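Visitor: Okay, predicted coordinates and the sequence, questions at the end:
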Amino acid sequence: MRRHSARLLATALSAVLVAAACGGGSDDAEPAESDDTTEEVADAEGGDDAADDGGAGGDDGDEPEPSDDPPPSTAAPLEDEDQLTSAGEGGEGAGDGEPTPGGEITWGLGGDGTGFDTTGAISPGSIRVVNAVADPLVGLDVDANWHPNLAEALTPNDDFTVWTITLRPGVVFHDGEPVDGAAVAANLQAHKDSPTTGFNFASVSTITAVDDLTVEVAMSSPWAAFPYQLVGQAGWMVSPSTIGQNDTIVSTGPFMLESWTPTDSARVVRNPNYWRADEGLPYLDAINFKFLDDQIVRTQAFEAGDIDGFISPSEADIVDWLDDDSVDVWIGTAGANEALIMLNTTAPPFDDVRVRRALAHSLDRQFLIDTFRSGLTETADGPFIPSSKWYAETDYPDYDPAAAQALVDEYEAEVGPIEFELRVQPDTAVVEVIEVALTFFADVGIDATISEIGVGQTVPLAIADDFQAMSWFQFGAPDPDRDYVFFHSSGGFLNWSNLVSADIDAGLDQARQTDDFDTRYAGYAQFQEALATEVPMIWIDHLNGIEAAVTRPELNGIGTSGMFADGTASLPMTDGSFFAWTGVWLEQ
Amino acid sequence: MVIARRVARLVFVVFVVTFLTFFLLDRAPGDPAELKAGLNATPEVVAEIRAELGLDDPLFVRYLDWLAGAIRLDFGESLVTEGFTSWDLIREALPKTLELMILAELMAIGIAVPLAIAAARRPGGVLDRVTSAGAFGLLALPSFVLGIYLSYVVGVQLGWLPTIVDDLPGLNDDPLENLRQMFLPSLTLALALVAVYLRLLRSDLIDTLQQDYVMLAQARGLSERRILWRHALRPSSLNLTTAIGLNVAGLIGGAFIIEVLFAINGMGRLTILRVAQEDFPVVTAVVALLTVAYVTVNFIVDLLYRVIDPRIRDGVA
């Protein structure tokens, strides 16, 4: 009881101190949009919208039974189930009623745009804009399986060592240049050659433009999940003469970039030559993206009607707006970033699995969720949300202070006191969670101190292995292959935790080389169990509940399914669709 | 001669401040080369970028290089937004900050001077007591609280004015829309100044109104309004002028907060964002320019003293 009171006091004090230190902008730069790990890693993969990484398989195998796990809500239950977007819902078009063309909207961005070089590290703010001006070769259907989009078809050979991409005739870039085999091959080659993004294509050996409408991609080893790489950044095609250009983007999407002012705004306007223009797409005339870094400012601008929607409001606002008929809240269910603490398993004391397990046992994740997330998120014990078809039950260490204490005592008797430095981004929402996590560690005798790092320093520090522990946001791709390099020993410096595990490698490799669901599932189950045993990272929560989108009711198509050109329903934007702006419309 | 001495002092201050800024940012945690390398931050690539950016040169050499560029407004490339120079970003932001500061000063003076005159006419009267209480209230309110409150009441609740500045048209292009968007931020920034200016001018006016020459004017039958506006205001404005000059620094600080609160793409917001992103070339350029602006304004204020008070010009006071 005394400890509980002390923790509550620590929570309150840390909140007050952090708020004071940050001059009142207490909710600035929420993880989903401003965390630099998300920015430079997940987003290098096209993962800005949290769920938007990858997909859940083009496989035609059987899927597991639906999970019995509860929806991502505890303390603040969702009042309106229609506001939960999920695979299988929607599918009848962009929203309720018949879409009407015309109008323009203003969308609030929480993260700054840093440019549009599709072969570089693109920030979350930029990715939202790119989603409007570029539609990728491949999309995700409502079951999060890959589905051809800008490409007409993708066909593998028998052993998945060669993929043939067939293009649609007559598609042009915004500058009128044709989207032909040479252009697509040039884009894919640039992606492979880029030191920033090339790791995604490590298994790609050659990229060849066979003819005007065909590109052949050969692999050095079987890669059944390759199309998922083309759902995001690798799948965005830009006019060949602009490849690598950062200050503009000339792509194929429903909108064209009209202007961009760094740190302020971007405006995109309807593309009259869009390849789906005969379907009346896109509906909107223009989208103004306004960068609003402060949470309070975003909220007030939304309430005043100065913006029409934004992503990742504060937890308190989500809870309030769920009861407000004048606001639509869209919470994705297909996957999201995970909040976690990354451990460097080659740096003492985390080179000893007992310390890593002790840390996991000592942390009451539910307390953090109840305290800081208004109960909107779900405890994480691995990179997959329980509702994911890839999720497997594991023996990840539960909250058990006694077990943690025993491990600490054993380690300290052999080695000495456990002390470490935890590097944290200068983000109030992150710091306050970590401050309280530290009190849990202290309860079992682990002495941790916080070291704040600059925005953008997370990845360089991780690459240089210059950390013991670091707060982190990543993963959650519906298809695990998108996260391959971050766990596999061949990932090199991108294997952030430096853990080398034969079980993890074997599981990931097994799953990569086939499209048979059962075989893949078995591989990923092995991978998850190895992660739970080795504990290279301390999981906190799946962030679906707070990576919500809020819109005014007149705006349709944000949290509901869109359509592929062949009429197949696509995954909603809030569940990771990359081209959802195509089907967004405004009631006139 | 006096002016030449002051110009020399101005140049010296600019040198000192820019060097200190350069030095402090050089010592700040974080490596620009690592930041620029991003996911490619292997030791070899970082070393290559360091060489490319000249980061291996001694500090003083780098400073002189920077200074040589700065004179031509070449402050280097942004590390965060490749394809844009620091000057590109500043050129976009500077006019908005200048407009915000000028509007705030004009509003503050426009509100404070008539109120101070009215309050000084009847010291201790109802108006004097009300304005005094209001001034102290405004002084006690931090500008970010005032800004959020004004934005909430005027923007969210009443819906009269926008809560953010978005796609701001130029004053020449659409002055009404420009002023509509800039009104709330300018007012927020101005209100803190109103309190200072009002108290200062009121106090000086009360002193001036007790001078012999004012009593002589009264005895000659000049109207109260003429005495106040023509004979008392100018000699009472010396401290106000000083305060306006000194407040430039305060205004710049206030603009940092106001620009974030109202999403103005100005120098303050640019600085805050780029400090967090460790975009050192941009930050150094902004600090240098703000320093030049500050010392220049105070230099102009020094010159204005000589216009306002002939005793200073003649070396009497």
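Guide: Structure received.
Visitor: gap between the residue nearest to A:V133 when sequence neighbours are not counted and A:G280?
Guide: Distances taken as Cβ to Cβ, 6 or more residues apart in numbering or on different chains put A:G253 closest to A:V133, at 4.4 Å, once the chain neighbours are dropped. For every residue, glycine as well, the C-beta is placed using N, CA and C. Using Cβ to Cβ, to the nearest Å, A:G253 is found at 16 Å from A:G280.
Visitor: Neighbour count: the two, which is higher?
Guide: A:G253 (28 against 12; other Cβ atoms under 10 Å in any protein chain shown).
Visitor: Quick one: residues contacting B:V165.
Guide: B:96, B:181-182, B:185, B:262-265 (Cβ atoms under 8 Å, 6 or more residues apart in numbering or on different chains).
Visitor: ok, and of those residues, which contact chain A?
Guide: Contacts with chain A within these, counted by Cβ under 8 Å from any Cβ of the partner chain: B:262-263, B:265.
Visitor: Filter those residues down to the buried ones.
Guide: Among those, those scoring as buried are B:262-263, B:265 (criterion: 16 or more other Cβ atoms under 10 Å in any protein chain shown).
Visitor: can you list the residues you listed in a markdown table and add distance to A:R423, secondary structure and pLDDT?
Guide: Shown next, in a markdown table, are those (distance: Cβ to Cβ, whole Å; DSSP: H, G, I helix; E, B strand; the rest coil; pLDDT from 0 to 100):
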| residue | distance to A:R423 | secondary structure | pLDDT |
| --- | --- | --- | --- |
| B:F262 | 33 | coil | 95 |
| B:A263 | 30 | coil | 94 |
| B:N265 | 31 | coil | 93 |
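Visitor: and of those residues, the nearest to chain A?
Guide: Nearest to chain A out of these is B:N265 (Cβ to the nearest Cβ; 3.6 Å).
Visitor: That closest one is in contact with B:A93, isn't it?
Guide: Yes: B:N265 lies in contact with B:A93 (Cβ atoms under 8 Å); the separation is 5.7 Å.
Visitor: Mutual contacts of the two, please.
Guide: Joint contacts of B:N265 and B:A93 (Cβ under 8 Å, 6+ apart) are A:T263.
Visitor: Now do the same contact list for A:A580.
Guide: A:131, A:557-558, A:562, A:570, A:572-573.
Visitor: Now, those that are in helices?
Guide: A:N131 (DSSP state H).
Visitor: between the contacts of A:A580, which is closest to chain B?
Guide: A:N131 (19.1 Å).
Visitor: so what's the closest one scoring on pLDDT?
Guide: If you check A:N131, the pLDDT there is 90.
Visitor: how much space between it and A:R423?
Guide: A:N131 is 31 Å from A:R423, by Cβ to Cβ.
Visitor: same check, this time on A:H191
Guide: 30 Å.
Visitor: do the same with B:L205
Guide: Distance from B:L205 to A:R423, by Cβ to Cβ: 57 Å.
Visitor: list the helices and strands the helix or strand harbouring B:E34 packs on?
Guide: In this structure, B:E34 is located in helix B:32-37 according to DSSP states H and E. Using 3 or more Cβ pairs under 8 Å, 6 or more residues apart in numbering or on different chains; DSSP states H and E as the contact test, the elements touching helix B:32-37 are helix A:458-463, helix B:43-53.
Visitor: ranking these by burial, who's on top?
Guide: helix A:458-463 (a mean of 24; mean count of other Cβ atoms under 10 Å in any protein chain shown).
Visitor: Give me the pLDDT for residue 50.
Guide: The chain I'm using is chain A. 33.
Visitor: The intended chain is chain B.
Guide: pLDDT recorded at B:R50 is 81.
Visitor: ok, now which ones touch it?
Guide: Residues in contact with B:R50 (Cβ under 8 Å, 6+ apart) are B:31, B:33, B:56.
Visitor: Now, of these, which are buried?
Guide: The neighbour-count test (16+ other Cβ under 10 Å) applied to the contacts of B:R50 identifies B:31, B:33 as buried.
Visitor: what's the lowest-pLDDT member of the contacts of B:R50?
Guide: Ranked by pLDDT, the contacts of B:R50 bottom out at B:D31 (72).
Visitor: show me the contacts for that residue.
Guide: Going by Cβ under 8 Å, 6+ apart, the list of residues near B:D31 reads A:460, B:46, B:50.
Visitor: from memory the second one sits against B:E52, does it?
Guide: No: under the criterion of Cβ under 8 Å, B:V46 makes no contact with B:E52, lying 10.5 Å away.
Visitor: for A:V204, phi and psi?
Guide: As for A:V204, its main-chain torsions (degrees, to the nearest 10) stand at phi -80, psi 130.
Visitor: now do the one 4 residues further on
Guide: Note on A:T208: its backbone torsions stand at phi -130, psi 130 [degrees, to the nearest 10].
Visitor: Residues in a beta bridge with it, which ones?
Guide: On DSSP bridges, the residues paired with A:T208 through beta bridges are A:E216.
Visitor: Can you report how many residues lie near it?
Guide: Counted by other Cβ under 10 Å, the residues lying close to A:T208 total 14.
Visitor: Pull the contacting residues for it.
Guide: A:185, A:215-218.
Visitor: Which among the residues you listed count as buried?
Guide: Using 16+ other Cβ under 10 Å, the buried members of the contacts of A:T208 are A:185, A:215-217.
Visitor: ok, the residue nearest to A:V268 when sequence neighbours are not counted - contacts?
Guide: Excluding the flanking residues, the one nearest A:V268 by Cβ to Cβ, 6+ apart is A:F255, at 3.7 Å. A:F255 makes contact with A:132-133, A:268-271, A:282, A:284, A:286-287, A:581, according to Cβ under 8 Å, 6+ apart.
Visitor: What of A:Y484?
Guide: A:491, A:508, A:512.
Visitor: Out of those, grab the one that's most surrounded.
Guide: Of those, with other Cβ under 10 Å as the count, A:L508 tops at 26 neighbours.
Visitor: how close does the residue nearest to A:V268 get to A:R168?
Guide: Applying Cβ to Cβ to A:F255 and A:R168 gives a distance of 19 Å.
Visitor: Below-threshold pLDDT in the chain: ranges please.
Guide: Since you didn't name a chain, this refers to chain A. Scanning chain A with the threshold set as pLDDT under 70 gives A:1-96, A:333-335, A:455-456, A:574-579.
Visitor: My question was about chain B, not that one.
Guide: B:1, B:29-30, B:37-42, B:309-317.
Visitor: Going along the chain, name the helices of it.
Guide: B:2-27, B:32-37, B:43-53, B:59-71, B:86-121, B:126-140, B:143-150, B:175-208, B:212-219, B:224-226, B:238-261, B:267-276, B:280-308, B:310-313.
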